[in-house]
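>>> The sequence and its predicted three-dimensional model are supplied below.
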Amino acid sequence: MRPLLPEAQYILPYLETIDKNRWYSNFGPLAVEFERRLEKFFDMGQGTVLTVANGTSGLSATLRALDLPKGSFCLVPSWTFMASPAAAIASGLVPYFIDIDKDSWAIEPESVKEWIKKVPGMVSAVMVVSPFGAPLDTAKWDEFSSETGIKVLIDAAAGFDSFSTVPKAKPGKCPVMISMHATKVFGLGEGGIIISSDAGLMQRVRELINFGFSGAREIRLPGTNAKMSEYAAAVGLAALDLWSHKKAVWTRLKLHYIESFRECFGRDVSSPWLLSDEWVSSVCNVSFTGLMAKDIIAALKGKGIEGKQWWTRGCHNHPAYAKFLRMELPVTEMLADTVVGLPFSIDLSRTDIDYVIEHLRNITRT
C-alpha cells in the first residue's frame, strides 16, 4: 500500500485561506467547513460529524464521553489493529478479547449476547471493528445497545467509503470512528472523524477533545487535546474535492482483482473485500484455503512482490495484550494464519495486478 495524498496544487488554495484567516487550530473555519461537507457526504444532519486529530484519540475520547465505569470490560475482537484495545485502556476500561464470524471477519450481535453471559465481570462497552473497511449493519448494533444497555462504539478505521456508500452501514446512534491516516483510502496524513446522531454524546466528545471546555469558558470534564488542525483540514478538503475521481480509479483496480480471483481461484479464496465492488478500501486482504500466509508471503518475496499480515496474529498474541482475558479464538487464529495482504494502491496498474495473480496461481498450485 503506497499512500498518495492530494498534490500541493490542490491544497494551496486552502493554505492561502489559512494565511488570510490566521486561524490555525481550535475548530477553525476550515475544520468546520470540512465537518459540514462530511455531514452532507454521509447524508447526516448538522452536528453529527466531528473531526479529531487521529483515529485512536477519537476512539478514546468517545469511550470517555460514554461515561462508563472505570475498570469495567470493553469487549474487543482480537482480530483488529492494536489501536482498538489501546483506546479502551486509555479510557479506563479493560479489554476482553472475543472471536469473530468466519465469513464477515467481524463480531456479530447475536453471538456477543451469548458471550457476555460468560464474561467474569461487568461489560459496559463493545467495540465493533469493521474488518479492513467492510460495511457493518449499524442498525443491528443500535438495536443491540438499546436491548442490552451496553454501549457500542464502531471502529470503522478503514470504512470511509463503505460507511458512506452501503445503506446498511449508514451511521446511526452508536458512534462510528473513521480514520483518515495516510494509509487509508481517504487520507489526509493524520486525522479522523466521529459520526453519531446522538447530539448529547457528540457535544461531550467535542468538549473532551478540547481539554474539557464547554461553551462557557469553564471545564466540566477533564479532557485532552485531540482537535484537528486547520492544516489537516486543508488536506481533507482537497481530498474531498478529488474523491469522486479517486474512487473511480480504486474501483476499477478492485474490480480487476475480483474478476481475476474468481477466474483463477474460485471458492479457494475468500474475503469480505471480494464480495462487492460497491465500496473500496486501501488494502486487499484475502485468505487462501489450506495455505499459510507466511508461506505465500515468502514465495511472493522471491518474485519481487511484497505481501503483508496487516493485523499480524491478533492482538492477544502481542506481549502488551497477552495478560488480558479472552475467550477461545479459533476463527481469529485461523485468519491470523491464512490472511495475506496483497499489493494494492491507487497507482497500481492492471499489468501489476496480473503479475501478482500469475505468481499467486503458481504458488497455490505447487
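That came through, no problem. The shown structure was predicted, so the numbers you read here are calculated from the model rather than taken from an experiment.
>>> Backbone dihedrals for the spatially closest residue to Ser72 that is not a sequence neighbour, please?
Nearest non-adjacent residue to Ser72, counting by C-beta to C-beta, 6 or more residues apart in numbering: Ser124, 3.9 Å away. The C-beta positions use only the backbone N, C-alpha and C, and glycine is treated the same way. Backbone geometry at Ser124, expressed as degrees, to the nearest 10, gives phi -110, psi -20.
>>> ranges for the strands of this protein?
Applying DSSP state E to the chain gives strands spanning 49-52, 73-77, 94-98, 123-129, 151-155, 176-179, 192-195, 269-270, 284-288, 339-342.
>>> tell me which strands and helices the shortest one is in contact with?
Counting by 3 or more C-beta pairs under 8 Å, 6 or more residues apart in numbering; DSSP states H and E, the packing neighbours recorded for strand 269-270 are strand 284-288.
>>> I'd like the average pLDDT over the strand it packs on.
What strand 284-288 shows for mean pLDDT is 96.
>>> surely Ala336 meets Cys315?
No: assessed by C-beta atoms under 8 Å, Ala336 is found out of contact with Cys315, at 10.1 Å.
>>> What separation do you get for the residue nearest to Leu59 when sequence neighbours are not counted and Pro175?
Among residues not flanking Leu59 along the chain, Ala87 sits closest, at 3.5 Å (C-beta to C-beta, 6+ apart). The span separating Ala87 from Pro175 equals 12 Å under the rule C-beta to C-beta, to the nearest Å.
>>> swap in Ser72?
With distances taken as C-beta to C-beta, Ser72 is found 18 Å from Pro175.
>>> Between those two, tell me which one has more neighbours.
A count of neighbours by other C-beta atoms under 10 Å puts Pro175 above the other of Ser72 and Pro175, at 27 against 16.
>>> what about the residue lying closest to that one once chain neighbours are set aside, how many residues close to it?
Nearest non-adjacent residue to Pro175, counting by C-beta to C-beta, 6+ apart: Ser196, 4.1 Å away. Residues lying near Ser196 (other C-beta under 10 Å) number 25.
>>> I'd say Ser196 and Thr48 touch.
Yes: using C-beta under 8 Å, Ser196 is in contact with Thr48, at 6.3 Å.
>>> Which residues are in contact with each of these two?
By C-beta atoms under 8 Å, 6 or more residues apart in numbering, Ser196 and Thr48 have these common neighbours: 171, 202.
>>> ok, Thr165 - how many residues close by?
Thr165 has 17 nearby residues by other C-beta under 10 Å.
>>> Check the gap between it and Glu35 for me.
19 Å.
>>> and what of Arg2?
Separation of Arg2 from Glu35 (C-beta to C-beta): 29 Å.
>>> and if you look at Leu240?
Taken as C-beta to C-beta, the span from Leu240 to Glu35 is 11 Å.
>>> higher neighbour count, the two?
Between Leu240 and Glu35, counted using other C-beta under 10 Å, Glu35 has the larger neighbour count: 20 against 17.
>>> Contacts only, for that one.
Residues near Glu35 by C-beta under 8 Å, 6+ apart: 49-51, 193.
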